[in-house]
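**Student:** Let's see this in three dimensions:
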Amino acid sequence: MRALCHAQNLLGVGHFVRMHLIAAGLAAAHDVYLTDGGRRVPRRTASAEPRRLPLSALTRDRSGRVVDGRGRPAAATIRGRAQVLDKAARAIRPDVVLVDQYPFSKWDLAPEIEALVTTARRANPGVRILCSLRDLVPQTPWETVGPAEYAEQVLRRLEELFDGVLMHSDPAFARLEDSFPRAGSVPVPVHYTGYVAEPAAPPPPGAVAPWGIIAGGGTATTPFLASVVGAFARLSGAGCTGETRLHVFQGPAADAGDAETLRRAAAGAPVHVHPFSTDYAAWLQGAAFSISHAGYNTTTALLRARVPALVVPNPRVSDQVLRAARLEAAGLAAVIEGGESPAPAPLAEAMGRLLSAPRPCHDLDFDGVAATRRLVEASRTQPSI
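**Tutor:** A predicted model of the protein is given here:
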């Protein structure tokens, strides 16, 4: 089977990380191509790697515009990417195309995604086009229409372009109708895969217990991390953290200046600053606690590790507030507000409670990579998927 996986990270890195895990799982048995046109994301080499399909880089700037690598409006770059994808689809003749998030978001990329789908169907009339979704898909600020028009456009594009939806969630935690009110009108089958998670790994050699983890997934996370480090230093100075060390994992865009900011915020407390790392999930396995935003990949990792967690949702990212609320309601994490720069006092108070919190108990499904592969393979013989 030939599969082509389309994903684009515009703000953070989560979309590419999730699709890379899926593509690597498929590549163990199939010929798989993965688009690569965002910020560079360090990834642990999988036992089987998809072939990369390089595209000109795109990001979303602070104003919300999608821009090219030089910060210019992206329309011309998207047209060029559409031509690359058209040529690739003609050459590969994929049996399956997986498209991350669209049409629930990423409308900026409609020209290239529609070109890919149109050419793939022309090149191989039996191709299956599948939408690959995270667990919660509320309308984002970038789809600038009212809720009713948004839902109609999503449903129309699903009907015109797609054969099925793969939702990478455990339905015991989140179902499509929890964030898309018109889920009952979706014109194609919806299948739940379980969460797409990094392969389990033991804690790094030499890790000295007890330790806590804080992570700043995405970009521009240093103010958030500095707030957490400062709160830990405050508790440590008051003798409230015992022998606990704090390991800080920076975002992918951090530089030496960001690391120095975090070291200053530590004020002599036992804090270790790490660059963005593929070892983050391994460190979580033995952690006494975790503090982070509430993105899909970070949340999946901390739930899989069953680590006591405090999450501070970033309100700029549409799904995080919803996910944090569901985590809190299920007793799987504590939540405080504050977004990218939470206030020190409530943060220190919440962290103090976290130090003695029990490990969460749940039975969520983290077999999303294998289940996605089974569903993708079945789509070739079961057109109803």
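**Student:** Give the partner strands of the helix or strand where residue 129 lies in its sheet and their orientations.
**Tutor:** Element membership of residue 129, judged by DSSP states H and E, is strand 128-133. Strand 128-133 has the following strand partners under DSSP bridges: strand 96-100 (parallel), strand 164-167 (parallel).
**Student:** most tightly surrounded among those?
**Tutor:** Greatest average neighbour count among those goes to strand 96-100 (a mean of 26), per mean count of other C-beta atoms under 10 Å. Every residue, glycine included, has its C-beta placed from N, CA and C.
**Student:** What lies in contact with that strand?
**Tutor:** 1-8, 15, 18-19, 22-23, 89, 106, 113, 116-117, 120, 127-132, 162, 166, 376, 379-380 (C-beta atoms under 8 Å, 6 or more residues apart in numbering).
**Student:** What subset of these is buried?
**Tutor:** The neighbour count (16 or more other C-beta atoms under 10 Å) marks 3-8, 15, 18-19, 22-23, 89, 106, 113, 116-117, 120, 127-132, 162, 166, 376, 379 as buried among those.
**Student:** re earlier: what residues of the helix or strand just after the strand holding residue 129 count as buried?
**Tutor:** Past strand 128-133, further along toward the C-terminus, the next helix or strand under DSSP H and E is helix 147-161. For helix 147-161, burial by neighbour count (16+ other C-beta under 10 Å) applies to 150-151, 154-155, 157-158, 161.
**Student:** Could you single out the nearest of these to residue 31?
**Tutor:** residue 161 (22.8 Å; C-beta to C-beta).
**Student:** Which of the buried ones among the contacts of strand 96-100 fall in helices?
**Tutor:** 15, 18-19, 22-23, 89, 113, 116-117, 120, 376, 379 (DSSP state H).
**Student:** So what are the structural domains in this protein, by residue number?
**Tutor:** For the chain, automatic domain parsing gives the domain ranges 2-197+366-379, 211-354.
**Student:** possible to save those as TSV with mean pLDDT and distance to residue 205?
**Tutor:** What follows is these, written out as TSV (pLDDT from 0 to 100; distance: least, C-beta to C-beta, whole Å):
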stretch	mean pLDDT	distance to residue 205
domain 2-197+366-379	95	16
domain 211-354	89	10
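**Student:** Residue 360 is nearest to which of the ones you listed?
**Tutor:** Across the domains of the chain, closest to residue 360 is domain 211-354 (C-beta to C-beta), at 4.7 Å.
**Student:** Nearest spatial neighbour of residue 325, chain-adjacent residues omitted?
**Tutor:** residue 335 (7.1 Å; C-beta to C-beta, 6 or more residues apart in numbering).
**Student:** Name whatever forms a beta bridge with the one you found.
**Tutor:** On the basis of DSSP bridges, residue 335 is bridged to residue 311.
**Student:** And for it, the neighbour number?
**Tutor:** Number of residues near residue 335 (other C-beta atoms under 10 Å) recorded here: 19.
**Student:** Please apply the same query to residue 330.
**Tutor:** 14.
**Student:** cool, residue 361 as well?
**Tutor:** By other C-beta under 10 Å, neighbour count at residue 361 equals 8.
**Student:** what's near enough to touch it?
**Tutor:** Counting by C-beta under 8 Å, 6+ apart, residue 361 makes contact with residue 306.
**Student:** Specify the local secondary structure of it.
**Tutor:** Classification of residue 361 by DSSP: H, G, I helix; E, B strand; the rest coil places it in coil.
**Student:** so the strand holding residue 129 versus helix 147-161, what angle?
**Tutor:** Angle, strand 128-133 to helix 147-161, by axes from the mean of the first three to the mean of the last three C-alpha atoms, to 10 degrees: 150 degrees.
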